[in-house]
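J.: sequence and predicted model, in that order:
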Amino acid sequence: MADSILDVRDIHKSFGALKASDGITLDLKPGEIHALIGPNGAGKSTLIKQIAGGLNPDSGSVHFMGRDVSTMSVAARARLGLARTFQISALAMGYTVLENAVLGAVGETGSVFRFFKPAMKDADLLGRAYAALDRVGLRDQAGVITSELSHGQRRQLEVAVALTLAPKAFLMDEPMAGMGAEGSKELTTFLQDLKHEAPILLVEHDMDAVFALADRISVLVYGKIIATGSVADIRANADVRTAYLGEEDAA
Amino acid sequence: MSTLLLIEQVLNGLQFGVMLFLMAAGLTLIFGVMGLINLAHGSLYMIGAFAAAAVAGWTGSFVLALMASLMAAALFGALIELTVIRRLYARDHLDQVLATFALILIFSEATRWTFGSFPLFLDTPDWLSGTVMLPGGIQYSLYRLAIIIIGLIVAAGLFLLISKTRVGMRIRAGENDREMIGALGVDISVLYTMVFALGAALAGLSGALVGAIQSVEVGMGEPVLILAFVVIVIGGIGSIKGALAGAILVGLTDTLGRTVLPVVFSTFMEASAATSVGSALASMLIYILMAGVLIFKPTGLFGSA
Amino acid sequence: MIAERHLNAIILAILVVIPAYAVIADEPFTITLATKAVILALAGVGLNFALGQGGLVSFGHAAYFGIGGYAMGILASHAQSYTPLMEVPFVIEGTNSMPVIWLVAVISGGLLALLIGALSLRTQGVYFIMVTLAFGQMLYYFAISWPAYGGEDGLSIYVRNQFPGLNTLVPIQFFGLCFAILLIVLFIVNRLNKSPFGLALMGAHQNEERAKTVGIDVYKMRLVAFAISGAITALAGALFADLNRFVSPVMFDWHTSGQIMVFIILGGVARLFGPIVGASLYILLEHFLGGVSEYWQIYLGAILFFMVLFAKGGIIGRLSKKEQTHGG
C-alpha cells in the first residue's frame, strides 16, 4: 500500500440511520485509472466529498501522498495536488475560458494574495493557462464566455482547469455525462494518456467507458465496496451482477 | 439586588422574549416556506400598532383594537404579497433586501404623512391595568403577564398548526420541496399568500401589544426587526422552535443584562462610571451572545446545515 | 450604448465641471453638495468591493462609516480641548491633522471589518445579511449609550481639520481633496479588481466550489476583501464627519447601511463607477425632491423599488455594455 497516491482506509459516515459509507477502503496507484461504480444512492457522492474535502468521515482516514488529509479543507487538499472535476460543471460562468484557466493557475501558484499586477497580463499565469487549454484543445475558445460553451466543451474546460494545478491525482465525477459518442471517445483517449501523468479515480455511469478505460474497478453498494478487481474480474463477479447490474437493468 | 427584583426582571425578559417571538416566528416562517428575507416585517409591526391605536381611540375597546391590529396587518400583508412580494421569490437575497428596504421607506413616510410625526398612545384597558400578586408574594404588572400568556398561547397554536393541520402539512412540504407541493395539486400561490398574511398578523399583534407599553410611532418596528434577526440567527433559520428558544434567550439576556451589569460593575467601580460602562456593555450583550453562537454553531441552535 | 470607459470619463468630467461652475457663480452650497456626493461615493466604492466583486451582501457598512467618523470626532475633540486621548500606559494626544486622522480611520475600519468579517463570514446568504446588520446595530447602540463622546447627541468639531498646504475651510479646496482621494481609491480598487486577488474574489463569487477546488482559501480571501472594503468606507466616514464638522450615532444607523447599498444599486452593482453615479443621483434626489416634499423618501423608495425590479445593472448598466474586467 505504500506506493498508493490516494489511500482511503475504512471510512464510516452515517446520516442518522443511513450508513452512507460503511467501512470503505480503496486506493489509487500511480499510472492507473480506478473506476468507482455503483447504483444511485450507493454513497458515491458522500465518498467523493470525503476524499475531496468538505465532509469529514465519522471514523477512518484518507491519506494523500502519504499524508493524512482526513480533516483538511477542500482548498488545502487541492494545493497538495488533488484535482477534481464535477458532475455538474463548476466553473465561473461569467468568465471567459481563459479566465477560468488563469483562475486555476492563480490557485496553483498561490498568488491569490497578489494585489496589484493584473492577472491577465502575468506571463507565468497565462503560460500555465494556455498550456492547459492547448492540451484539451480549447485554445481557440480562449476568449469565449464560459456560459456560451457547449456541454462537452465545459467538460473539457473542467479538465483544463484541473490540469493547471499540476495535479498528483485526479478525482473525476462522471466526466462522460451528457457527452456525445464522439466526445466520449475523444475523452477516453485523452484520459488513457493522462493517467500516466497522474492517476485517476473515476466515478462514471457509462459502463462502456468504464470497461474500456479502467485498470481496476470497485463496486459500491449501500455504502460498502462489494468487489474490487480488473475489468474481467468484475464482469465475472456474481455478486456484482445481482447487486448492481441486475438493479441497473431493473431501473 | 433583591430576589424579588430579579424575578420581576426575569418576567420582563420573558415578556420581551415572547414579543420577539411573535416577530421572529413570522419572519422565519416566511423565510422557511418562500425563501424570502423581508425587511418590511417591521413595517407590519408598525401598521398593527397604528391600527390598534386608531381603533382604540375610536371605539375605546382594547379587544377591538387588538383584532384590528391582526386584521390590518394581515390584510396589508396579503396585499403587498399579492402585488409586490411575490415578484421577489425568484430573486436573489440582495434584490429582496433592497426591494423590502424600499417598502420600508414608502410605508414609514406614508404613515408619517397620514398620522403625523407625533407618537400616538394606546392605553392598557382598566381590566388589564394594575398589578397582580404572583405566588411567592411578587407584585407583577397584569398587562405584561397577559402578554406573556398571549404569546405562549400563540406559540402553542403555531406548533399545533404546523404539526397537526393540513395547512401545516403543506407548509412543511413547501419548506422541503416547492416543486413537490406544486405537483400535489396544492395551489402554491394561495399558500404563500396565507403564510405571508399569517406572519404579518403575528407582527401586527406584537406591535399592538407593545404599543400599549411604549408609544406608537413611525420607525418603531425597525429596532424590533433587527432584534428578530438576531433571534433567528441564534435559533436557526426556518425553525419555529429555534425562534422561540432564541427569542426567550435574547429577551432574558437583554433585560437581565441591563439590570445586572451596572450592579456588577459598581462592586469595583465608582457608581456613575459603573452605570455608563454597565449600560453600554449591556446594550451589546445580545450581539455578543449572537457572536458566541456563530463561533460554536454557525447555523444556529436549531438550524440544519 | 457607449463604452463603460467613456461613460466613466464623462461622469468624472461632470463631477469636476459642476463645482468649477459653482466657484465661478459663487454658489458654495453647490460645492458642498458635490463634496457630499464624492464622499458618499467613496463609502459606496468601499461597499461595492465587498458586495459587487465579492458577492458579500453586507447590510452593516454603517459600522465602518461610523467608526471612521468617530475616529475623526474623537481625535479632533481631544485636539480641540487640548486634553490627551489617554495617558496610561503612554500618552496619546488628539490631532487635527487630516492625514493622521485618515490613517487612524482606515486602520480602525479595517480592523473592525476583520473582526466582524471573521464572525460573519462563517455564515452565508441570508444569514450573512442579518448578521452584518446586527453587528452594525450593536455599534449604533454602543455609540448611543457610551457617554464619553456625546452619546446620543453626537459630537461637534468647531474647526475643520487641517491638511498641509491647503485651507480646508474653503469649499472648493476641501472638494478637491476629497475628489483626489476618490480618484486614488478608484485607481487602487481598479488594480485590485484586475489582480489575481480580484480574479479569484470574483471567481469565488461566481462559483465558490470552483475557487476552493483550485486551492483557494475562500474564507481568508473574503476576509481580506471585507477588511479592505471596511477600510475604504471608514475613510469616507472620516471625510463625511469633517464635511459636517459633526459626528453622531446616526452614522452607525442601519438606514446609513441601507443608503450606502442604495448608491450601488442605483449606479450599478460591481461597476467601478456605480457608486459615484448612485451617490450623485441620491444627492440630487434629496436636494430636489426634498425641496418639493417633506416626504421625499416615498419617491426614493418607489425609484429604488423600480430599479430593483426592472432595471438590474443600475444606470451604468442601462447606458453601457458590460466590459470584461479581466479581458484584453
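T.: Thanks, I have the structure now.
J.: and the end-to-end length of stretch C:90-97?
T.: Start and end residues of stretch C:90-97 are separated by 20 Å (CA to CA, to the nearest Å).
J.: mean confidence (pLDDT) on it, please.
T.: For stretch C:90-97, the mean pLDDT works out to 86.
J.: show me the contact partners of that stretch.
T.: For stretch C:90-97, contacts defined as CB atoms under 8 Å, 6 or more residues apart in numbering or on different chains pick out C:74-81, C:83-86, C:101, C:159, C:161-163. Placement of C-beta: from N, CA and C, glycine included.
J.: go again with 7 Å.
T.: Identification of contacts with stretch C:90-97 by CB atoms under 7 Å, 6 or more residues apart in numbering or on different chains yields C:75, C:76, C:77, C:78, C:79, C:84, C:85, C:86, C:101, C:161, C:162.
J.: and the fifth one, which helix or strand is it part of?
T.: So the one you mean is residue C:79. Secondary structure assigned from DSSP states H and E places residue C:79 in helix C:62-81.
J.: pLDDT on that helix, on average?
T.: The predicted model gives helix C:62-81 an average pLDDT of 94.
J.: tell me what angle the helix or strand just after that helix forms with helix C:62-81.
T.: Proceeding N to C from helix C:62-81, the next assigned helix or strand is helix C:98-120, under DSSP H and E. Angular relation of helix C:98-120 and helix C:62-81 on a 0 to 180 degree scale: 150 degrees, by axes from the mean of the first three to the mean of the last three CA atoms, to 10 degrees.
J.: could you report the pLDDT at residue B:305?
T.: 49.
J.: ok, back up a step: what residues of the helix holding residue C:79 count as buried?
T.: In terms of neighbour count (16 or more other CB atoms under 10 Å in any protein chain shown), helix C:62-81 has its buried residues at C:62-80.
J.: which ones among those residues also lie next to chain B?
T.: Among those, not one lies near chain B by CB under 7 Å from any CB of the partner chain.
J.: how about stretch A:153-163 and chain C, touching?
T.: Yes. If you take CB under 7 Å from any CB as the test, stretch A:153-163 does meet chain C, through residue A:161.
J.: not counting its own residues, what contacts that stretch?
T.: Counting contacts by CB under 7 Å, 6+ apart, the residues outside stretch A:153-163 that touch it are A:83-86, A:89, A:91, A:97, A:100-101, A:104, A:132-133, A:135-138, A:141, A:146, A:149, A:170, A:175, A:179, C:214.
J.: same check on stretch A:11-27?
T.: Counting by CB under 7 Å, 6+ apart, stretch A:11-27 makes contact with A:1, A:4, A:6-10, A:43, A:46-47, A:50, A:57-60, A:62, A:218, A:223-225, A:228, all of which sit outside it.
J.: thinking again about what came up before, what is the helix holding residue C:79 packed up against?
T.: Based on contacts counted as 3 or more CB pairs under 7 Å, 6 or more residues apart in numbering or on different chains; DSSP states H and E, the elements that helix C:62-81 packs against are helix C:98-120, helix C:125-145, helix C:218-244, strand C:246-247, helix C:254-267.
J.: dump the ones you listed to CSV, plus mean neighbour count.
T.: Written out in CSV, the entries for the helices and strands packed on helix C:62-81 read as follows (neighbours: other CB atoms under 10 Å in any protein chain shown):
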stretch, mean neighbour count
helix C:98-120, 21
helix C:125-145, 24
helix C:218-244, 26
strand C:246-247, 24
helix C:254-267, 25
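J.: give me the number of residues near residue 229?
T.: Answering for chain A, as no chain was given. Other residues near residue A:229 number 15, with proximity taken as other CB atoms under 10 Å in any protein chain shown.
J.: that's the wrong chain, I meant chain B
T.: Counted with other CB under 10 Å, the neighbours of residue B:229 add up to 27.
J.: kindly export the helix holding residue C:79 (C-alpha atoms) in CSV.
T.: Included here for helix C:62-81 are C-alpha records, laid out as CSV according to Å, rounded to 0.1, in the frame of the first residue of the first chain:
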residue,chain,number,x,y,z
ALA,C,62,-22.6,51.9,8.6
ALA,C,63,-20.3,50.3,11.2
TYR,C,64,-17.2,51.3,9.2
PHE,C,65,-18.6,54.6,8.1
GLY,C,66,-19.4,55.4,11.7
ILE,C,67,-16.1,54.2,13.1
GLY,C,68,-14.3,56.5,10.5
GLY,C,69,-16.5,59.3,11.6
TYR,C,70,-15.7,58.7,15.3
ALA,C,71,-12.0,58.4,14.6
MET,C,72,-12.2,61.9,13.3
GLY,C,73,-14.5,63.1,16.1
ILE,C,74,-12.6,61.6,18.9
LEU,C,75,-9.1,62.7,17.7
ALA,C,76,-10.3,66.2,16.8
SER,C,77,-12.3,66.7,20.0
HIS,C,78,-9.2,66.0,22.1
ALA,C,79,-7.2,68.3,19.9
GLN,C,80,-9.9,70.9,20.4
SER,C,81,-10.0,70.7,24.1
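J.: contacts only, for residue 105.
T.: Let's take chain A. Residues in contact with residue A:105, defined by CB under 7 Å, 6+ apart, are A:125, A:128, A:129, A:164.
J.: meant chain B actually
T.: With CB under 7 Å, 6+ apart as the criterion, the residues that contact residue B:105 are C:297, C:298, C:300, C:301.
J.: mind listing what the first one touches?
T.: What that stands for is residue C:297. B:105, B:109.
J.: residue numbers of chain C in contact with chain A?
T.: Counting by CB under 7 Å from any CB, the positions of chain C adjacent to chain A are C:191-192, C:194-197, C:199-200, C:203, C:206-207, C:209-210, C:212-218, C:221, C:324, C:326-327.
J.: which of these fall in helices?
T.: For the residues of chain C next to chain A, the ones inside helices are C:191-192, C:194, C:196-197, C:199-200, C:203, C:206, C:209-210, C:212-213, C:218, C:221, with DSSP state H as the criterion.
J.: of the residues you listed, closest to residue C:46?
T.: For residue C:46, the closest of these turns out to be residue C:192, at 11.8 Å, with distances computed as CB to CB.
J.: test my guess that the closest one contacts residue C:201.
T.: No. Applying CB atoms under 7 Å as the test, residue C:192 and residue C:201 come out as separate, 8.4 Å apart.
J.: so for the two, which sits in the more crowded spot?
T.: In terms of neighbours (other CB under 10 Å), residue C:201 is the more surrounded of residue C:192 and residue C:201; the figures are 27 against 17.
J.: lovely, talk soon.
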